[in-house]
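Asks: 3D model of this:
(chains A, B, C and D)
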Protein chains: 2
Amino acid sequence: MADVAQLAGVSSQTVSRVSNGFPGVTEDTRAQVLAAMRELGYRPNSAARALRRGEFRTLGVITFSLSTMGNIRTLEAIATSAAEHGYAVTLLPVAVPTQDEVNGAFSRLGELAVDAVIVIMEIHLLDAATVSLPPGVQVVVADSDAGDRYTVVDTDQAGGARDAVRHLLDLGHDTVWHLAGPEGSFAAQRRANAWRDTLTAAGRVTPPLVRGDWSAESGYRAGLRLADEADCTAVFTANDQMALGLLRALHERGRRVPDDVSVIGFDDIPESASFLPPLTTIHQDFAEVGRLCVEGVLSKMREGGAEHGTTLVPTRLVRRESTGARRR
Amino acid sequence: MADVAQLAGVSSQTVSRVSNGFPGVTEDTRAQVLAAMRELGYRPNSAARALRRGEFRTLGVITFSLSTMGNIRTLEAIATSAAEHGYAVTLLPVAVPTQDEVNGAFSRLGELAVDAVIVIMEIHLLDAATVSLPPGVQVVVADSDAGDRYTVVDTDQAGGARDAVRHLLDLGHDTVWHLAGPEGSFAAQRRANAWRDTLTAAGRVTPPLVRGDWSAESGYRAGLRLADEADCTAVFTANDQMALGLLRALHERGRRVPDDVSVIGFDDIPESASFLPPLTTIHQDFAEVGRLCVEGVLSKMREGGAEHGTTLVPTRLVRRESTGARRR
DNA sequence: CCAGGCAATGTTTACGTAAACATGCACTGG
DNA sequence: CCAGTGCATGTTTACGTAAACATTGCCTGG
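Replies: From the prediction side, this is the model:
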């Protein structure tokens, strides 16, 4: 900076003003400084900037392995949205969702160049973390239900699951089976609860819950079992991947979709439109979740807000060919 | 830090030594300092640290929208691997792969708190970028062929494609059709070239190349066309998503897989094992690519190496049920 | 018993920036 | 014509850390 100032024949403070687009600099001077900056290839040193300003213009994102489509899309939206606000995004991967790993990530976070944190993970691990977040660092949590203790942005899991079940009931099915996600997942839990509640509210029998682990493979295994249930004519799977495996199992067992069994998924991953048959599913607006996370955390930073609450992002039913009227 | 020093009754320099795990501090003193740090909730200020040390311990990753599985897995591996080396990862999303966007990302990068950069994108956009990377910032490129000008880490696209074609030829097919990725993609280009070369080397007729855009939907459209080609008994699709669409089209047209048509994909996304039928495909080791990117860029930083070159990560054929011997 | 050496700790300084304050100069109005 | 005003620019300082150098005190060996 000093070099630039010298070359432009001004003081370093003027260079700083130009660099930050502050007013009170003549057009002539500004042009001269800009020329000098270009000639010397000057780049502001962000470390010094951050030190001086007390902020990094960076958001930290803590997440488990980016294995689920949802997390990825959310992350992408966060990164894009943050960039629009002039913020960079630093990734804090937690390899394994164990307590130790989470603690490690949190303590690393403490000395990381980050102004605020967005957590994309099951809240119980956050709760159980023995290392606390540095005070003054705002947090927004995606994919969780802890609106009483954190600021949460999440898809309206319950609403989506309810829509899925109702869709199948409306098609004339007596009841709806559910292929749930793993027990540890709150998203899975809420989808399963909404499934049960919706059936109960409609006065239907609740079939036994079948559990998978989000993977297509687990959907396949569950599908082999469901194919043998003669009265299973409608299945709501907690995500699209498991639906994929389910479809394969049903096909192998000669159960036609949707003629014999209707299947509805959750997520609306891009591939689901090309499943065999194309999958009716509940669309999640991950981009919106990510965007709201960023907006939320930035506004909390500005206003120092400590109030919690949950923002729900609505889902949308995408009707394709895997669901149809009950044939008797 | 001064507060900690005062509370512990030592100088700030001693606190610094403890904080960085340097030798030359008594066990007693160290314990006292650690206690003071805990009591005051001290966290080293990374901005000041970076300013003083001249490095951020952070890697920047420039990538297009995280829409392809490959980029995501690579990114994940980069983040994990970087963390192991004590580095954080800052994401630099480029929303649209236009020249302007790339230029924007690069100029933002200039003032970003980043020691080195890993670029995951088509090299022609990097080449055409009018904004150059700040000097002294090392770069490693994934997913590209520009070993003469950059340090490149990539999957052995050609080898994988060759294996795919040979696998089908070995099964007795006269020739292999190819559903390629979009023209702009080097990966697609190299897979297509290797496909052509392998056929030529084997003295086979090269069928017209069919082009998709990586999406399952485009695979479906291509599949509808290929289903009408009576002599098409084997197809090599440039990725698994397109294979998914292709399978659906073939199924709709009554062409059985693998009895009538054999299909082999590329990538080995987790879902491909649950396709209908489970997809034979070429496995890419994205994790290894990411790991090598980090190792590469870190070693370049240490050694200031300017030498270029390409590191190829081998692929592996995963045989499932979508390929079979030619039936005559 | 004391010089010399070494380990533990303290003091000073610089990293690059931007806020706060200071200066200088031109122009306005009484 | 000159005090007052306001704008463009310059000077000083502090942000939190760690390297370099300085100091203290204890221990060893002759």
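
Asks: A:H173 and A:V235 touch, don't they?
Replies: No - at 9.7 Å, A:H173 does not count as touching A:V235 under the criterion of C-beta atoms under 8 Å. Backbone N, C-alpha and C define where each C-beta goes, glycine included.

Asks: what's the distance between A:M242 and DNA strand C?
Replies: 50 Å (C-beta to the nearest atom of the strand, to the nearest Å).

Asks: what sits closest to that residue if chain neighbours are left out?
Replies: A:G219 (3.2 Å; C-beta to C-beta, 6 or more residues apart in numbering or on different chains).

Asks: packing partners of the helix or strand containing the one you found?
Replies: Secondary structure assignment for A:G219, by DSSP states H and E: helix A:216-227. With contacts defined as 3 or more C-beta pairs under 8 Å, 6 or more residues apart in numbering or on different chains; DSSP states H and E, helix A:216-227 has these neighbours: strand A:177-180, strand A:210-211, helix A:240-252.

Asks: under the pLDDT cut-off, which ranges of the stretch 1-150 of chain A? List them.
Replies: A:65, A:67, A:95-97, A:107, A:110-111, A:123, A:125-136 (pLDDT under 70).

Asks: all strands for it, in order.
Replies: Using DSSP state E, counting those that start in this stretch, the strands found in the stretch 1-150 of chain A span residues A:58-64, A:88-94, A:116-120, A:138-142.

Asks: export these to JSON lines and tack on distance to DNA strand C?
Replies: Rendered in JSON lines, the data for the strands of the stretch 1-150 of chain A read as follows (distance: least, C-beta to the nearest atom of the strand, whole Å):
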{"stretch": "strand A:58-64", "distance to DNA strand C": "15"}
{"stretch": "strand A:88-94", "distance to DNA strand C": "15"}
{"stretch": "strand A:116-120", "distance to DNA strand C": "20"}
{"stretch": "strand A:138-142", "distance to DNA strand C": "21"}
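
Asks: distance check, the residue nearest to A:M242 against B:L34.
Replies: To B:L34, A:G219 is 50 Å away according to C-beta to C-beta, to the nearest Å.

Asks: could you check the pLDDT of the residue in the stretch 201-328 of chain A positioned nearest to DNA strand C?
Replies: Closest approach between the stretch 201-328 of chain A and DNA strand C, counting by C-beta to the nearest atom of the strand: A:R302, at 15.9 Å. pLDDT for A:R302: 81.

Asks: confirm it sits in a helix?
Replies: Yes - A:R302 forms part of a helix when assessed by DSSP: H, G, I helix; E, B strand; the rest coil.

Asks: residues from the stretch 1-150 of chain A in reach of DNA strand D?
Replies: Counting by C-beta under 7 Å from any atom of the strand, the positions of the stretch 1-150 of chain A adjacent to DNA strand D are A:9-14, A:17, A:23-26, A:28-29, A:48, A:51-52, A:54.

Asks: let's see 6 Å
Replies: A:10-14, A:24-26, A:29, A:51-52 (C-beta under 6 Å from any atom of the strand).

Asks: what is the most widely separated pair among those residues?
Replies: Comparing all pairs in these by C-beta to C-beta, the longest separation belongs to A:T26 and A:L51, at 29.2 Å.

Asks: if we can go back for a sec, will you turn the strands of the stretch 1-150 of chain A into a markdown table that also has mean neighbour count?
Replies: Shown next, in a markdown table, are the strands of the stretch 1-150 of chain A (neighbours: other C-beta atoms under 10 Å in any protein chain shown):
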| stretch | mean neighbour count |
| --- | --- |
| strand A:58-64 | 25 |
| strand A:88-94 | 24 |
| strand A:116-120 | 25 |
| strand A:138-142 | 24 |
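
Asks: what would the ones you listed look like in CSV with distance to chain B?
Replies: Converted to CSV, the strands of the stretch 1-150 of chain A look like this (distance: least, C-beta to the nearest C-beta, whole Å):
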stretch, distance to chain B
strand A:58-64, 7
strand A:88-94, 4
strand A:116-120, 12
strand A:138-142, 15
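
Asks: mind putting those in CSV, distance to A:E271 included?
Replies: Compiled in CSV, those are given as follows (distance: least, C-beta to C-beta, whole Å):
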stretch, distance to A:E271
strand A:58-64, 22
strand A:88-94, 25
strand A:116-120, 22
strand A:138-142, 23
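
Asks: so which of those strands is nearest B:S185?
Replies: Among those, strand A:88-94 sits nearest to B:S185 (C-beta to C-beta), with 24.9 Å.

Asks: check which helices and strands the closest one sits against.
Replies: strand A:58-64, helix A:69-84, helix A:99-110, helix B:69-84, strand B:88-94.

Asks: how far off strand A:138-142 does the first one point, in degrees?
Replies: Interaxial angle of strand A:58-64 relative to strand A:138-142 (axes from the mean of the first three to the mean of the last three C-alpha atoms, to 10 degrees): 40 degrees.

Asks: for the third one, same thing?
Replies: Our comparison of helix A:99-110 with strand A:138-142, counting by the same axes, to 10 degrees, yields an angle of 140 degrees.

Asks: and helix A:99-110, what does it pack against?
Replies: strand A:58-64, strand A:88-94, helix A:123-128.

Asks: that helix vs strand B:88-94, what angle?
Replies: If you take the same axes, to 10 degrees, helix A:99-110 sits at 80 degrees to strand B:88-94.

Asks: hey, C-alpha coordinates of helix A:99-110 in CSV?
Replies: In CSV, the C-alpha atoms belonging to helix A:99-110 read as follows (Å, rounded to 0.1, in the frame of the first residue of the first chain):
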residue,chain,number,x,y,z
GLN,A,99,-19.1,-36.4,19.3
ASP,A,100,-15.3,-36.1,19.1
GLU,A,101,-15.3,-35.0,15.5
VAL,A,102,-17.9,-32.4,16.2
ASN,A,103,-16.0,-31.1,19.2
GLY,A,104,-12.9,-31.0,17.0
ALA,A,105,-14.7,-29.0,14.4
PHE,A,106,-16.0,-26.6,17.0
SER,A,107,-12.6,-25.9,18.5
ARG,A,108,-11.0,-25.5,15.2
LEU,A,109,-13.8,-23.1,14.4
GLY,A,110,-12.9,-21.0,17.4
